[in-house]
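Visitor: I would like to see how this sequence folds:
(one chain, ligands or ions: 1)
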Amino acid sequence: MRLIVVDDYNKMSEKAAIMVASQIILKPNSILGLATGDTPLGMYKELIKMYNNKEIDFSNVKSFNLDEYYGLSKNNAQSYNYYMKENLFKHINIKEENINIPDGTAKDIEAECKNYEKRIQDQGGIDLQILGIGVNGHIGFNEPDITFEAETHLVNLDEKTIESNSRFFDSIEEVPTKAISMGIKTIMHSKRIILLACGESKAEAIFKTMKGKITPKTPASILQLHNDVTVIIDKEAASKL
Ligand code: F6R
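Guide: Next up is the predicted model:
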């Protein structure tokens, strides 16, 4: 794992955006794996700036998001579909048909998970996957467990995740308790991975991910076995390393 420790959130966002931009410049039809949450927001802003300055072109890029809440429709302001549209897609020239996000309202969830996994494999896997990390060490919504869940699947969200994500909802009761998430194998098959984290609250998870035992109790620890992971974090998130 390559470690880059930066001063602050803005520096992390700039560095990550430069890496994504160079991926797109070198391979204009890149398959990007995207994350939601607070962490990548600054990176998306930087990418939008680069697009407006005509430094990057998303017209041949395809994207697959890591996850989506179960039960939330695309138009729900808390859905990850909505987040992606508002924070990135509506500002760039990615084609609608090239955007892939699990459908949290699919009638047959198992079929939706299988189909999502197949769509990723049909593209030959993800070229560059962006990851945030949960305070409990989750990546995507792969929560601490007794085994690593391989492929895209329906997840029961961990109490810590529900509590942490309640900041985006009016009340904790509104936070969905399930989500569809890419699995660990899906993520590990990505050719390159960037893991982003900021703030003291992520320090323990980052320590366990980079220096701890590889265990499904810290899902991100499996990244130690990937041969092209760049961890870009601020000083606070690096404080326990
Ligand atoms: C989001 C995702 C999650 C988040 C993680 C960190 O698509 O897959 O794993 O990356 O929960 O969230 P933030 O960035 O809000 O701290």
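Visitor: quick one, longest helix in the chain?
Guide: The longest helix of the chain (DSSP state H) is helix 9-26.
Visitor: which secondary structure elements does that helix sit against?
Guide: strand 2-6, strand 31-34, helix 41-52, strand 128-131, strand 192-197, strand 229-234 (3 or more C-beta pairs under 8 Å, 6 or more residues apart in numbering; DSSP states H and E). (Each C-beta comes from the backbone N, C-alpha and C, glycine too.)
Visitor: is it in proximity to the ligand?
Guide: No - Helix 9-26 is not in contact with the ligand by C-beta under 6 Å from any ligand atom; minimum separation 10.7 Å.
Visitor: export that helix as CSV, just CAs?
Guide: In CSV, the C-alpha atoms belonging to helix 9-26 read as follows (Å, rounded to 0.1, in the frame of the first residue of the first chain):
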residue,chain,number,x,y,z
TYR,A,9,-9.0,17.7,3.3
ASN,A,10,-8.4,20.1,0.3
LYS,A,11,-5.0,18.6,-0.4
MET,A,12,-6.4,15.1,-0.2
SER,A,13,-9.2,16.0,-2.7
GLU,A,14,-6.7,17.6,-5.1
LYS,A,15,-4.3,14.7,-5.0
ALA,A,16,-7.1,12.2,-5.5
ALA,A,17,-8.6,14.2,-8.4
ILE,A,18,-5.2,14.4,-10.1
MET,A,19,-5.0,10.6,-10.0
VAL,A,20,-8.5,10.1,-11.4
ALA,A,21,-7.8,12.7,-14.1
SER,A,22,-4.6,11.0,-15.2
GLN,A,23,-6.4,7.7,-15.3
ILE,A,24,-9.0,9.2,-17.7
ILE,A,25,-6.4,11.0,-19.8
LEU,A,26,-4.4,7.8,-20.2
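Visitor: dump the helices and strands packed on helix 9-26 into JSON lines; add mean neighbour count, mean pLDDT and distance to Gly71 as well.
Guide: Shown next, in JSON lines, are those (neighbours: other C-beta atoms under 10 Å; pLDDT from 0 to 100; distance: least, C-beta to C-beta, whole Å):
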{"stretch": "strand 2-6", "mean neighbour count": "15", "mean pLDDT": "98", "distance to Gly71": "37"}
{"stretch": "strand 31-34", "mean neighbour count": "24", "mean pLDDT": "98", "distance to Gly71": "21"}
{"stretch": "helix 41-52", "mean neighbour count": "19", "mean pLDDT": "98", "distance to Gly71": "24"}
{"stretch": "strand 128-131", "mean neighbour count": "25", "mean pLDDT": "98", "distance to Gly71": "24"}
{"stretch": "strand 192-197", "mean neighbour count": "24", "mean pLDDT": "98", "distance to Gly71": "27"}
{"stretch": "strand 229-234", "mean neighbour count": "22", "mean pLDDT": "98", "distance to Gly71": "32"}
